[in-house]
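Undergrad: I'd like to go over a predicted model; first the sequence, then the structure.
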Amino acid sequence: MRRGTPAVMILVMGLTLVLGAGLYAQVKKDSKTGLDRIEGTIQSMSKDKNTLSIVQTGSRATWKVVYNDQTKFTMRNAPAKLDDLKDGQRVICLGKYEKDELVASRIDIRTPR
């Protein structure tokens, strides 16, 4: 087999970095809290793994959101529970983006089900 030329390999590596940076750039900072913010629709959830799969509003990017015991759940800024989350709901997730997932400190449900 023939290996790619160095120029092609550099191009592929460059495109990988640009695309990866483009996805990270879609995670916005919340102006009030300074936390990372993802707004979108719940595509799927796994309560046993404490994860949500969120399709971001305005793009087709899918994000993994992890919640824990410290995560606060709200519905339109009023107290809510984990059990209020359902597939298809619009949510705003605030937290810290680490590696390839957002560790949520707050998940606000925007559409009731």
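TA: It's in. Predicted model only: the values in this text are computed from it and were never measured.

Undergrad: might you report the residue contacts of residue 56?
TA: Taking Cβ atoms under 8 Å, 6 or more residues apart in numbering, we find residue 56 in contact with 26, 38-40, 62-63. To be clear about C-beta, it is placed using only N, CA and C from the backbone, and glycine gets the same treatment.

Undergrad: farthest-apart pair in the residues you listed, please.
TA: 39 and 62 (13.3 Å; Cβ to Cβ).

Undergrad: tell me which of the two has more neighbours.
TA: A direct count of neighbours by other Cβ atoms under 10 Å for residue 39 and residue 62 places residue 39 higher, at 16 against 13.

Undergrad: so that one bridges to which residues?
TA: residue 92 (DSSP bridges).

Undergrad: neighbours of the nearest residue to residue 68 once chain neighbours are set aside, just the number please.
TA: Distances taken as Cβ to Cβ, 6 or more residues apart in numbering place residue 50 nearest to residue 68, at 6.3 Å, with adjacent residues excluded. By other Cβ under 10 Å, 15 other residues sit near residue 50.
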